[in-house]
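Visitor: model the following, please.
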Amino acid sequence: MIKLEHISKVFHPATVNENLAINDVSLTVNSGDFITIVGSNGAGKTTLFNLISGSLFPSGGSLRIHDLEMTRVPEFKRSKYIGRIFQDPTLGTAANMSLEDNMVICSSKGFKGLKMTLNSASRKAFSEELRPLAMGLEDRLKDNVGLLSGGQRQALTLLMTVLSRPDLLLLDEHTAALDPRNAQMVLEMTQRFITDYNLTAMMITHNMKHAIDYGNRLLMMDKGEIILDVSGEEKRRLTVDTLVKKFHEIRQEEFASDEGLLST
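Guide: Now for the predicted structure:
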């Protein structure tokens, strides 16, 4: 579905602040993959997502989606294929609009250009979609989204993104700003949606146990490179200790993320 070939990204080239953020990365994301991504701060995880989504263009290399050349296609055009959820729960919804208005905007994307309108049928459909969240949101369709808690807003963002039927779902530490209870709830919901809707997804996390427990494939990044790509039985056998050991074997240094090591 997504193919990156020899992608690199240099910030501030030819200056004293030059920074090679992504270094010659090649990656194929297959349809149905649920890929978790770990790495210490500055490893290049979010920059990789920015390059895939089109909010940044690479300094070198190429990117294709469904075999279509996308290397220089801007973000708003790639949004037809890609849904992205950020760490901040307020970024995925419009706080000053009602819950039903937020949902109708996102649902319209899933109808491939057809504008969906608010009526009794669509409100009933939204209520049915919201009910499994078990948050009572099906009874709050006319409430402004700004009145919801962070956990409710992130769950709503996840649901709306899924309803827009993205070809690729990018989850950029989407539970990091939530308390442990809500983070676990959103993670379980994420897994259920990916399975039920047969989505292709990539998830950045600092929690190494989550990276191991979720998904069918795990990438580890360091200094702008993908240094480990495991799947199948090899991934199922991973533990946090063996993952840290693999990092040490590859880099001959200690894993530098205290947050990742403590989140076990």
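
Visitor: so which strand or helix has Glu128?
Guide: helix 120-130 (DSSP states H and E).

Visitor: which elements pack onto that helix?
Guide: If contacts are counted by 3 or more CB pairs under 8 Å, 6 or more residues apart in numbering; DSSP states H and E, helix 120-130 sits against helix 99-109, helix 150-163. Bear in mind the C-beta positions are built from the backbone N, C-alpha and C, glycine included.

Visitor: for those, state which one has the densest average packing.
Guide: Of all the helices and strands packed on helix 120-130, helix 150-163 has the most neighbours on average by mean count of other CB atoms under 10 Å, namely a mean of 22.

Visitor: which strands and helices lie in contact with that one?
Guide: strand 82-85, helix 99-109, helix 120-130, helix 180-196.

Visitor: circling back to that earlier point, the helix holding Glu128 - what's its average pLDDT?
Guide: Averaged across helix 120-130, the pLDDT comes to 85.

Visitor: follow-up on the earlier one: CSV for the helices and strands packed on helix 120-130, including mean pLDDT?
Guide: Shown next, in CSV, are the helices and strands packed on helix 120-130 (pLDDT from 0 to 100):
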stretch, mean pLDDT
helix 99-109, 78
helix 150-163, 90
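
Visitor: which one of those lies nearest to Pro58?
Guide: Ranking those by proximity to Pro58 (CB to CB) places helix 150-163 first, at 24.6 Å.

Visitor: ok, residues contacting that closest one?
Guide: 83-85, 89-93, 99, 102-103, 106-107, 110, 129-130, 133, 135, 137, 145, 148, 169, 174-175, 177-179, 181-182, 185-186, 189-190, 193, 197, 199 (CB atoms under 8 Å, 6 or more residues apart in numbering).

Visitor: narrow these to those that are buried.
Guide: 83-85, 89-90, 92-93, 99, 102-103, 106-107, 129-130, 133, 135, 137, 145, 148, 169, 174-175, 177-178, 182, 185-186, 189-190, 193, 199 (16 or more other CB atoms under 10 Å).

Visitor: still on that earlier bit, can I get the helices and strands packed on helix 150-163 in TSV including distance to Asp213?
Guide: Below are those laid out as TSV (distance: least, CB to CB, whole Å):
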stretch	distance to Asp213
strand 82-85	19
helix 99-109	28
helix 120-130	26
helix 180-196	9
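
Visitor: hang on, the earlier thing: what lies in contact with the helix holding Glu128?
Guide: 99-100, 103-104, 107, 116, 137-139, 141, 156, 159, 163.

Visitor: what residue ranges in the stretch 51-200 of the chain score low on pLDDT?
Guide: Within the stretch 51-200 of the chain, the segments meeting pLDDT under 70 span 107-117.

Visitor: same thing but 90
Guide: For the stretch 51-200 of the chain, the stretches with pLDDT under 90 are 79-80, 89-94, 100-136, 159-160, 162-165, 177-183.

Visitor: quick check: buried residues in stretch 134-141?
Guide: 135, 137-138, 140-141.

Visitor: what's the answer for stretch 11-29, then?
Guide: For stretch 11-29, burial by neighbour count (16+ other CB under 10 Å) applies to 20-23, 25, 27, 29.
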